[in-house]
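Q: could you work out the structure for the sequence below:
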Amino acid sequence: MERPDTSAGRLMDRLDAVKAKLDSVSPSFCLAKWNQVTIHLASGTTHSCHHCIPHKIPLQEVWDNPSALHNTQEKKERRKQMLTGERPKECDFCWRVEDLKNPDVFSDRVRKSAQKWNDDTIETIPQMPWDANVIPKYIEIDFSSACNFKCLYCSPAYSTTWAKEIREHGPIYSGIFTTNSMRAIAGVGGLPLDVEEDNNPYIQAFWKWFPEVVESGKLREMRVTGGEPLLSKNTFKLIDYFVEHPQPNMVFSINSNLGAPKQFIDKLIKGMNKLSEAKAAKRLTVYTSGEGHGARGEYIRHGLNYKTWLENVNRILAECPNVEVVFMCTYNILSVTSFKDFLQDAYDLIKTYTTPEIRTQPLVVSIPYLRHPEHLSAWVLDSTFLRYMEECVTFMKNRTLETKSQENTKDGYIVVKPGFTEGSVQEMIRVYEVIKNAIINGVGRNHNIVDLRRGFYQYMDQCDARRGTSFLSTFPEMTEFYYNCKTNYP
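A: Now for the predicted structure:
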């Protein structure tokens, strides 16, 4: 397919080319399984893509080989499937997108593999034994599950505040769904270890393995998450490590809810500026989550003060001139009606902090869609809500970043018009297409709509009863849908 010679066209051409290379190995081959890893050190679990449910890292494997924090036997089996063309079940997010058969909508199998730092491995990895131990190029870790939020879609595995609620009230039962059962999470090894960070064997293994990773020179992105990582001393130990061992080819990132007390925000700003001054990384990024505006965002992310959060985003952008911010938007059933207003706040920040030749991309919006727990997915809604998504697609298309090439500038181009990146726009289009396909054609859901809608309203009722919140007061525009669910699926 011939595409226009624009930034959008060039991005699509690259994705086309990467997909062709991946498919020449196998139609399920994905470089993320080798080159990326998220390690939940607090619980001793791992996965190579945020769409896949983490699995337990056997301690015996780590004792024998600390790199098993990434190279577990289970993950190697999934790699073997990918090399032989089988579709691992855990990767259904991508299979659902690819089965749309839309040449302009790309799955994350392609998008993740299209990272520039993957280019030198797209041909070499298939030549390796399927069970080889590899050093990842992208590492995401958490040291602790300590968190002051209990986001609607999160879990006691990643939030001590959620764990406290579940200990007090038990799991949430809604229709056929049991959400956040401590027993179920413990059954798959997902609960945080009941030890201090210094005594956690997975953290000990990490600090044994990590110097080898850094010395290899292969690391291209290091990302710290949680819990709320600002509440862990190991986060700042890692910052100090990179100040002492600069990695000029690496991106360093921190995921923060930016809702921690002020002294922790101050410490984050100081740490990121220390990294900048030491030239410890080629780029610094703060990721922060948000997927709803104002009171609606606060309902989704319980513990959030939206105004304070927005002020802290402004602080990062104003006080850390070499830091990029990324909004991670877990697009869910409660995002839909206020997401355009949320995007407006993001756009205002982009306009404020873009400088044409120096800070060409101060803020990026990332928009994956929620699948678990499924009764909080946007595809539980009916077709009357699709207009909200269409409005978001139009809003972003009309405010897309425009650039032109210019030598002797930081990024090799200057900004003609600040706005959302083409990648962000494509992600919103992808969300809309996948959700529409599920709502209109019934394609992609894992449970029937009766169970999902019953689970939805009962989940809202139980959260309100526990937390003293009011779903209907916060989302009056969803009143008719809520009562339709309650009437038709008692």
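Q: drop to CA atoms for contacts and neighbour counts, all remaining ones
A: Will do.
Q: doesn't Y457 belong to a helix?
A: Yes - counting by DSSP: H, G, I helix; E, B strand; the rest coil, Y457 is part of a helix.
Q: ok, which stretches of the stretch 101-250 of the chain are strands?
A: For the stretch 101-250 of the chain, the strands defined by DSSP state E, counting those that start in this stretch cover 138-142, 150-151, 172-174, 177-179, 221-225, 247-255.
Q: list the buried residues in the helix or strand just after the longest one.
A: So the one you mean is strand 247-255. Per DSSP states H and E, the first helix or strand lying C-terminal to strand 247-255 is helix 262-277. The neighbour-count check on helix 262-277 (16 or more other Cα atoms under 10 Å) flags I265, L268, I269, G271, M272, N273, K274, L275, S276 as buried.
Q: residue contacts, N180?
A: Taking Cα atoms under 8 Å, 6 or more residues apart in numbering as the criterion, N180 is in contact with S155, P156, I166, P171, I172.
Q: mind putting these into TSV with distance to C485 and pLDDT?
A: TSV is the format used below for the contacts of N180 (distance: Cα to Cα, whole Å; pLDDT from 0 to 100):
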residue	distance to C485	pLDDT
S155	25	96
P156	28	96
I166	26	97
P171	22	98
I172	18	98
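Q: cross these against helices and list the overlap.
A: Counting by DSSP state H, those place I166 in helices.
Q: what is the nearest of the contacts of N180 to V365?
A: S155 (23.5 Å; Cα to Cα).
Q: most surrounded residue in the contacts of N180?
A: Among those, the one with the most neighbours (other Cα atoms under 10 Å) is P156, at 25 neighbours.
Q: low-confidence ranges, this protein, go.
A: The chain contains residues with pLDDT under 70 at 1.
Q: let me see the ranges of the helices in the stretch 301-450 of the chain.
A: 306-319, 339-353, 386-397, 422-441, 449-467 (DSSP state H, counting those that start in this stretch).
Q: how about those, which one is nearest K137?
A: Closest to K137 of the helices of the stretch 301-450 of the chain is helix 422-441 (Cα to Cα; 21.2 Å).
Q: now the closest one against helix 386-397, angle please.
A: 160 degrees (axes from the mean of the first three to the mean of the last three Cα atoms, to 10 degrees).
Q: could you pull out the helices in the stretch 1-150 of the chain for me?
A: Remark: helices assigned in the stretch 1-150 of the chain by DSSP H, counting those that start in this stretch are 7-25, 32-35, 59-64, 73-83, 92-98, 108-113.
Q: picking that back up, closest to P476 out of the strands of the stretch 101-250 of the chain?
A: Counting by Cα to Cα, P476 lies closest to strand 150-151 out of the strands of the stretch 101-250 of the chain; the figure is 20.4 Å.
Q: what pairs with that closest one, parallel or antiparallel?
A: Strands adjacent to strand 150-151 in the sheet, as given by DSSP bridges, are strand 301-302 (antiparallel).
Q: contacts for the strand it pairs with, please.
A: For strand 301-302, contacts defined as Cα under 8 Å, 6+ apart pick out F149, K150, C151, L152, G290.
Q: most neighbours, which of those?
A: Counting neighbours by other Cα under 10 Å, G290 comes out on top of the contacts of strand 301-302 with 26 neighbours.
Q: list the contacts of that one.
A: Contacts here follow Cα under 8 Å, 6+ apart; on that basis G290 touches G297, R301, F327, M328, C329, T330.
Q: now E212
A: With Cα under 8 Å, 6+ apart, E212 has no contacts at all.
Q: before we move on, what about V214?
A: Q247.
Q: likewise K270?
A: Counting by Cα under 8 Å, 6+ apart, K270 has no contacts.
Q: count of neighbours near the nearest residue to M328 once chain neighbours are set aside?
A: Leaving aside its chain neighbours, M328 sits nearest to S289 (4.6 Å; criterion: Cα to Cα, 6 or more residues apart in numbering). Residues lying near S289 (other Cα under 10 Å) number 18.
Q: right, and V313 touches N257 too?
A: No - assessed by Cα atoms under 8 Å, V313 is found out of contact with N257, at 10.0 Å.
Q: doesn't V286 fall inside a helix?
A: No - secondary structure of V286 (three-state DSSP): strand, not part of a helix.
Q: dump the residue contacts of E86.
A: S28.
Q: distance of it from E77?
A: Distance of E86 to E77, given as Cα to Cα, to the nearest Å: 11 Å.
Q: re earlier: now the contacts of G290 as CSV including distance to A8 and neighbour count?
A: Listed next are those as CSV, based on distance: Cα to Cα, whole Å; neighbours: other Cα atoms under 10 Å:
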residue, distance to A8, neighbour count
G297, 30, 22
R301, 33, 22
F327, 21, 20
M328, 21, 17
C329, 22, 20
T330, 24, 19
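Q: thinking again about what came up before, ok, V313 and N257, which is more surrounded?
A: Using other Cα under 10 Å as the criterion, V313 and N257 rank with N257 on top: 26 against 22.
Q: contacting residues for the residue nearest to that one when sequence neighbours are not counted?
A: Once flanking residues are discounted, N257 sits nearest to T288: 5.3 Å by Cα to Cα, 6+ apart. Counting by Cα under 8 Å, 6+ apart, T288 makes contact with N255, S256, N257, L258, V325, V326, F327, M328.
Q: rerun at 7 Å
A: Counting by Cα atoms under 7 Å, 6 or more residues apart in numbering, T288 touches N255, S256, N257, L258, V326, F327, M328.
Q: how close does K270 sit to I239?
A: 10 Å.
Q: and Q81, by the same measure?
A: For Q81, the distance to I239 - Cα to Cα - is 37 Å.
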